[in-house]
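**Q** quick one, what's the 3D model for this:
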Amino acid sequence: MRKKTTQINTYAYLFKCANLTLGRIQSEESYRDSNLTVYYTFLAMTVEAFLNHIGSETFDWWEESERGLNVKSKTRILLDHYGVKYEAGLEPFQTVNELVKFRNTIAHGKTQIVEQELRDGELPKKTDGLSDWETFIHHKDPVKVYYVVKGFALKLWEQTDKSKEFPNPFGWVRHSEEWPVNDLED
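**A** Now for the predicted structure:
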């Protein structure tokens, strides 16, 4: 008898979903706002899933405690551990923080009332009177955000021992190993 173990890297799958959605955003104009919302949500989930992946491989206590930590705390804990300076106002941290704020706004959605003043005869622009999350999707370059998230993850990944074995953490969604359960049985 043989035993097979499969590691499913949720962060890589989420990143793949974001990448596929980015392709739709670039090739189709229809449903652009909906696709951008899905895209940025998947990217934000990628960030947290990646932090959880690295955290659980770095700290024994991570699995028990991660739900009580927000993304910024997870980021700081891991960066401190690996000796990487956290600078909230600089890239990639600025965009990652904005992305997580967007995700939180969507995940904990509330109705917003947006007021705007128009002069007589002035027509509103498409980007006037937007909610916080709508402003985010309309004022960010989706390709730039993609590369910022990927760069953020790679910067952290390069600090780990796994990076020598797997230089591209997004290159594998599943990693399987098989071995005999008992040396006498093949």
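**Q** do you know how far Pro169 is from Pro142?
**A** 21 Å (C-beta to C-beta, to the nearest Å). Just so you know, the C-beta spots here come from the backbone N, C-alpha and C atoms, and that holds for glycine as well.
**Q** those two - which one has more neighbours?
**A** Pro169 (22 against 18; other C-beta atoms under 10 Å).
**Q** who's in contact with the more buried one?
**A** Taking C-beta atoms under 8 Å, 6 or more residues apart in numbering, we find Pro169 in contact with Asn9, Tyr11, Ala12, Phe50, Ala153, Leu154, Trp157, Lys162, Ser163.
**Q** so the fourth one sits against Leu43, correct?
**A** Right, the one you point to is Phe50. No: at 10.5 Å, Phe50 does not count as touching Leu43 under the criterion of C-beta atoms under 8 Å.
**Q** so between the two, which is more surrounded?
**A** The neighbour count for Phe50 versus Leu43, taken as other C-beta under 10 Å, is higher for Leu43 (28 against 25).
**Q** tell me the contacts of that one?
**A** Contacts of Leu43 (C-beta under 8 Å, 6+ apart): Leu14, Phe15, Ala18, Leu99, Val145, Tyr146, Val149.
**Q** got TSV for those, with secondary structure too?
**A** Shown next, in TSV, are the contacts of Leu43 (DSSP: H, G, I helix; E, B strand; the rest coil):
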residue	secondary structure
Leu14	helix
Phe15	helix
Ala18	helix
Leu99	helix
Val145	helix
Tyr146	helix
Val149	helix
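**Q** ranges for the strands of the protein?
**A** Applying DSSP state E to the chain gives strands spanning 2-8, 174-180.
**Q** show me what the first one is packed against.
**A** Contact here means 3 or more C-beta pairs under 8 Å, 6 or more residues apart in numbering; DSSP states H and E; on that basis strand 2-8 packs against strand 174-180.
**Q** and the strand it packs on, what's its mean pLDDT?
**A** When pLDDT is averaged over strand 174-180, the result is 54.
**Q** can you check stretch 51-65 too?
**A** 94.
**Q** that older thread, spit out the residues that contact Phe50 and Leu43 alike.
**A** Phe15.
**Q** contacting residues around the closest residue to Met45 other than its chain neighbours?
**A** Of all residues not flanking Met45 in the chain, Leu14 sits nearest, at 5.0 Å (C-beta to C-beta, 6 or more residues apart in numbering). Leu14 sits next to Phe42, Leu43, Met45, Thr46, Ala49 when contact means C-beta under 8 Å, 6+ apart.
**Q** so where is this protein shaky, pLDDT-wise?
**A** 122-129, 172-186 (pLDDT under 70).
**Q** kindly list the longest helix within it.
**A** helix 32-58 (DSSP state H).
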